[in-house]
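In: Quick one, what's the 3D model for this:
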Amino acid sequence: MSLGGRVRASFCVGAKPAEVTALSAEHSVPEQHDGYFMSGLVLLGVGVLVRLLLMTRLTPLLVDPSYVDAARNILRLDFRALGDRVPVYPLLVALCGLNPWAVWAVQSILGLAASFMVFDLAFRLTRHGASALLIALACSLIRDVLLWERAIATEALASFLLVVSFWLITRGEGSGEYKAWYPLVVGLTVAFAGLNRPLMLCLIPVYYFFLVPLWPPSNILRGQVGKKSLLFAVPVVTLVLGWCAFNYFNSGFFTPTTRAGQQLMDPVTPYVELAPEKFGVLRDVWVKNRPHFHDVQEDLFNESLPEIQRRTGKSQAQVSRELAHLAVYLQVHHPLLCLRQAEDGWMQFWGAFSAGDLTWPPELRMKLTGFISPMIEFLIRQGVALFLVLALLSLPLALLRLQVFSKSDHLVFALALWCSVFAALAEFGDNRRFLVPFLPLIFYVVLTCGWRWLTSPLSAKNCRPALPPGMYSIPSTGTNPSPPARGANS
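Out: Reported below is the predicted structural model:
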């Protein structure tokens, strides 16, 4: 009997307990032990070799010197200068001694750890070492993720924290046992993610609603819901609000970062000339410099800042606050223009094609590297497009209560979709970098959904998909089959 047939047979309702136990004892246990560690070693070995090869061909990339400046201020204990950047990533750079090669090495180690967690999740789903290895390799060797590991930027750490949080929630929910450390560690990880990249703060309510079952409303009265809520909220409130309070004493603004105004100006830059006269100085300077920095909004802010400070006499934090007021005013008073820019930003988040992507190379003869790179880009775009189709399809299916996707799938759908909407409204709407941290989870969901649907015994009578219990299980729509015998899925 093939492996798929044995796994499907172990979940058939008509299978006798003795047969299930025999199948489990004969195939599952040795396979789980040997396949797990051998495949895990192969995954780590391939990941190390690929990253060492990249280190011999490329050099570290400094995306934004402000991270290094903040790290230098931490090493000098000059805490009065902090606040421009949230603290987690500058702290990582400081711990690496401001050495870009050390930062690359640490981020590569975090990438290896994230790939092994993806492998662990895939193995618990497939119960097959080779299948889990292929899924983990596809999720961890994504070109964009590997290239951003060499950059002095938050992408690699953000990706690691997203995978850790997903792994914790999936493992905690799948165990079926309540453990006090579980919501506490999830809250700590989510707080670190938000203090690594402010955009991730918008994901806190998504994590909370998936972690704490508030529906039906009668669950709110249960003691376990209160304990989970408290344990999740303690690290989030302590760290996030503590950092905002620190900025308040430093700059007088209760905010995670003093760059909020600069970021909010990105979606409203095309129609900033509609601002009223009370924002006259900001409006005029921004309009004057806009034609020279159409593609790089941060350069537009850096060019406009000195003139605005000279004409208003305000500090950088105060200018950023005034820009935030200007951006909010334009979004409230011109909602149709705001939605139009948000639409463009949302499409750019998911990698909408630009004119350069559709241009054929001028050379008639293309080298091998010139062929491989577009093919990799094509595969990444197709994977992201398929994920987006599945995510949008899950919305009507959830309203119809058709349980096609697992709870872990819905978690990734909610995280990516909500972050894309929030980024389009409040961040760099034309920056595809915000998608990079989600790529491992995106490809994990696409591949595991395909694996489940291919191996589900849809044609077998009274059989259920070969899934372990917990977050991976897909409840049946008919009569509830009896669970397999003890040891059949361990």
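In: Leaving out chain neighbours, which residue sits closest to Gln316?
Out: Once flanking residues are discounted, Gln316 sits nearest to Leu305: 6.4 Å by CB to CB, 6 or more residues apart in numbering. All C-beta atoms are positioned from the backbone trio N, CA, C, and that covers glycine.
In: what do you get for Leu61?
Out: Closest to Leu61 by CB to CB, 6+ apart is Ala151, at 4.3 Å.
In: my guess is the one you found meets Asp64, correct?
Out: No: assessed by CB atoms under 8 Å, Ala151 is found out of contact with Asp64, at 9.3 Å.
In: contacting residues for Pro90?
Out: Pro90 makes contacts with Tyr67, Ala70, Ala71, Asn73, Ile74, Leu82, as judged by CB atoms under 8 Å, 6 or more residues apart in numbering.
In: before we move on, back to that, now for the residue nearest to Gln316, which secondary structure element holds it?
Out: Following DSSP states H and E, one finds Leu305 within helix 297-312.
In: do Thr448 as well
Out: Element membership of Thr448 [criterion: DSSP H and E] is helix 439-455.
In: Relative to Arg283, how far out is the residue nearest to Gln316?
Out: 15 Å (CB to CB, to the nearest Å).
In: List the buried residues for the strand or helix carrying Phe192?
Out: Here Phe192 is covered by helix 181-196, with elements defined by DSSP H and E. By neighbour count with 16 or more other CB atoms under 10 Å, helix 181-196 contains the buried residues 182-196.
In: in the protein, what spans have low per-residue confidence?
Out: Residue ranges of the chain with pLDDT under 70: 1-34, 173-178, 214-223, 293-297, 352-371, 427-431, 457-490.
In: one more time with 80, if that's ok
Out: Applying pLDDT under 80 to the chain picks out residues 1-35, 79-84, 172-180, 213-226, 251, 291-299, 351-377, 426-432, 456-490.
In: Can you tell me the centre-most residue of it?
Out: Nearest to the geometric centre of the chain sits Phe438, at 3.4 Å (CA atoms, centre = their mean).
In: Can you tell me the element the residue lying closest to it once chain neighbours are set aside falls in?
Out: Spatial nearest neighbour of Phe438, excluding adjacent residues (CB to CB, 6+ apart): Ala416 at 5.0 Å. Using DSSP H and E, Ala416 sits within helix 407-426.
In: tell me how far that helix is from the chain's mean position?
Out: Helix 407-426 sits 9 Å away from the centroid of its parent chain (CA atoms, centre = their mean, to the nearest Å).
In: mind listing what's buried in it?
Out: Those buried within helix 407-426 under the rule 16+ other CB under 10 Å are 407-417, 419-420, 422-426.
In: can you check stretch 194-214 too?
Out: Burial within stretch 194-214, assessed by neighbour count using 16+ other CB under 10 Å, is assigned to 194-204, 206-208, 210-212.
In: ok so, going back, nearest to Thr56 among the buried residues of helix 181-196?
Out: Distance to Thr56 across the buried residues of helix 181-196 (CB to CB) is lowest for Asn196, with 28.5 Å.
In: In space, what's closest to the closest one - neighbours in sequence excluded?
Out: Closest residue in space to Asn196, ignoring its immediate chain neighbours: Val88 at 4.0 Å, by CB to CB, 6+ apart.
In: can you pull the contacts of that neighbour?
Out: Applying CB under 8 Å, 6+ apart, we find Val88 in contact with Leu157, Phe192, Leu195, Asn196.
In: What is the most widely separated pair among those residues?
Out: Maximum pairwise distance among the contacts of Val88 (CB to CB): 10.6 Å, between Leu157 and Leu195.
In: Now for Leu282: which residues touch it?
Out: Taking CB under 8 Å, 6+ apart, we find Leu282 in contact with Ala275, Ile308, Val319, Glu322, Leu323, Leu326.
In: run the last query once more with 7 Å
Out: Going by CB atoms under 7 Å, 6 or more residues apart in numbering, Leu282 touches Ile308, Glu322, Leu323, Leu326.
In: Let me have those in a markdown table, extended by secondary structure and neighbour count.
Out: A markdown table is the format used below for the contacts of Leu282 (DSSP: H, G, I helix; E, B strand; the rest coil; neighbours: other CB atoms under 10 Å):
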| residue | secondary structure | neighbour count |
| --- | --- | --- |
| Ile308 | helix | 21 |
| Glu322 | helix | 16 |
| Leu323 | helix | 26 |
| Leu326 | helix | 22 |
